[in-house]
Each structure stands twice: as C-alpha cells, then as structure tokens.
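# Let's see this in three dimensions:
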Amino acid sequence: MTDSNAEGRCGWCGTTDPLYIAYHDTEWGVPERDARALWEKLILDGFQAGLAWITILRKREGIRDAFDNLDPEIVARYGEDDIQRLLGDARIIRSRAKINAAIRGAQIWLEMRENGEDFSEWLWSFVGGEPIQTNWSDFRQAPVKTAQSEAMAKAMKKRGFNFCGPVIVYAFMQAVGMVNDHQNTCFRHAQVRGMAGPSRKEGA
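Now for the predicted structure:
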C-alpha cells in the first residue's frame with residue numbers, strides 16, 4: 001500500500017498527482033443516478049480498456065470536447081467523417097474500435113430512452129437499486145469483478161455495448177458508487193456511505 005494512507009486516502013490513488021487525488025476525493029464512489037452522466041462514465045471506461053485510468057483523466061476534457069460534450073443525441077449520429085476527424089485528434093484515444101463503441105453506445109442509450117427504459121434504473125437494478133457497502137482494510141482486497149458486474153456485462157453485451165467486460169464494468173460500478181470500495185481507513189469511506197442511505201453490505 002502506498003503512503004497515501006497517511007493522508008487518509010485509499011492506497012491506489014497515490015500522493016503526487018493532484019488530478020488523481022481530486023478524482024478520488026470528489027468523484028470516485030459517489031452514487032451517480034443521472035442517466036447521461038452514467039453513460040458518459042461508461043464510455044470513458046470503455047476508452048480506458050488496456051490503459052491506466054489517469055490517462056483518461058488527463059484526456060477527459062479533450063474527449064468531451066472532441067465528442068460534442070459527449071451528448072449521446074449528437075454522438076449517435078456520427079458518421080465516417082466524424083470517425084476520421086476523431087482518429088486525427090490527439091486529445092482522445094485514437095482507436096477506431098473504441099470510437100465505434102462510443103457511437104453505438106449512444107445509439108443504444110437513445111433506443112432505451114425511446115422505448116421508455118430508464119438507463120439509470122436499469123443499471124442500478126443490478127445492485128438492487130442501492131449501493132453495496134464493503135469493508136476492506138486494504139484496497140487490494142477488493143475483487144476485480146463480481147457476480148453483479150458479470151451479470152451487468154452480460155446484459156450490456158446482449159444489448160450491443162462493447163468494451164464492457166466484467167472487469168471494466170466492476171471498475172465502472174466502483175466509480176459511480178454502485179459499490180463503495182473505499183478502504184475503511186480512507187476518509188471518503190464513511191462520507192460515501194453517508195451519501196447512499198440504507199443499503200446492504202458485502203465484504204465485511
């Protein structure tokens with residue numbers, strides 16, 4: 001574990017990068033219920049596949065700008081000209097497969113909305129609608145995937161999402177507060193638990 005625990009933080013976030021520390025202190029693990037914000041985070045996690053999350057954090061504003069503020073209604077209409085523009089944009093992860101996945105993800109998001117399905121409610125249903133609270137003393141005790149992330153990944157793939165395997169999905173679930181995996185020595189553990197309201201526990 002790193003010395004970040006001396007600062008009362010999870011060991012994974014380190015002590016030197018202010019961007020990473022701010023992400024840990026203000027975003028990671030906070031329960032997110034907004035459907036569009038959840039879609040954006042899912043797309044960013046897809047871009048992360050095979051890379052470090054800090055890489056995405058450093059490129060996040062560039063990705064948002066290149067993808068029209070990650071507005072699914074605009075992204076869903078992207079064609080080959082847009083793909084070529086994005087492939088030439090050094091601010092993003094220039095992978096045709098990941099760009100295509102983002103476009104298809106936007107189309108699926110819109111299809112669900114048009115069919116009267118709430119993207120947020122659908123995702124949260126995989127954890128029973130409330131965050132799972134864990135109790136790890138060391139961040140490395142947390143799993144890389146769970147039964148819930150495997151079920152969500154399977155359902156996402158069935159709908160047509162890509163870059164959504166159970167490991168990526170579990171990282172997504174941690175980030176958007178579907179599971180509170182802040183280690184119990186981290187000052188955010190109790191804060192995030194307090195944001196959740198009544199919820200069930202795992203890993204105690």
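
# center of the chain, which residue is that?
The C-alpha lying nearest the average C-alpha coordinate of the chain belongs to Phe172 (C-alpha atoms, centre = their mean; 3.1 Å).

# My read is that Leu119 contacts Ala106, right?
Not Leu; residue 119 is Phe. No - with contact defined as C-beta atoms under 8 Å, Phe119 does not reach Ala106; the gap is 11.2 Å. C-beta coordinates here come from the backbone N, C-alpha and C atoms, glycine included.

# neighbour-wise, which of those two wins?
A side-by-side neighbour count of Phe119 and Ala106, using other C-beta atoms under 10 Å, places Ala106 first with 22 against 19.

# Distance check, that one against Trp12.
Note on Ala106: its distance to Trp12, by C-beta to C-beta, to the nearest Å, is 30 Å.

# Now stretch 70-79 - C-alpha only, CSV.
Included here for stretch 70-79 are C-alpha records, laid out as CSV according to Å, rounded to 0.1, in the frame of the first residue of the first chain:
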residue,chain,number,x,y,z
LEU,A,70,-20.4,13.5,-25.0
ASP,A,71,-24.0,14.3,-25.9
PRO,A,72,-25.5,10.9,-26.9
GLU,A,73,-28.0,12.6,-29.2
ILE,A,74,-25.2,14.1,-31.2
VAL,A,75,-22.7,11.2,-30.9
ALA,A,76,-25.4,8.7,-32.1
ARG,A,77,-25.5,10.5,-35.5
TYR,A,78,-21.7,10.4,-36.1
GLY,A,79,-20.7,9.0,-39.5
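
# Let me know the average pLDDT across it.
Averaging the model's pLDDT scores along stretch 70-79 yields 97.

# Contacts for that stretch next, please.
Counting by C-beta atoms under 8 Å, 6 or more residues apart in numbering, stretch 70-79 makes contact with 36, 39-40, 43, 63-64, 67-68, 102-103, 105-107, 109-110, all of which sit outside it.

# what about 6 Å?
In this structure, residues lying in contact with stretch 70-79 by C-beta atoms under 6 Å, 6 or more residues apart in numbering are 39-40, 64, 67-68, 103, 106-107, 109-110.

# do stretch 142-159 as well
108, 126-127, 136, 164-167, 169-170, 173, 181.

# again, only using 8 Å
With C-beta under 8 Å, 6+ apart as the criterion, stretch 142-159 contacts 108, 112, 123, 126-127, 132, 134, 136, 164-170, 173-174, 178-179, 181, 203.

# List only buried entries from the residues you listed.
108, 112, 123, 126-127, 132, 134, 136, 164-166, 168-170, 173-174, 178-179, 181, 203 (16 or more other C-beta atoms under 10 Å).

# Spit out the residues that contact Phe119 and Ala106 alike.
Trp39.
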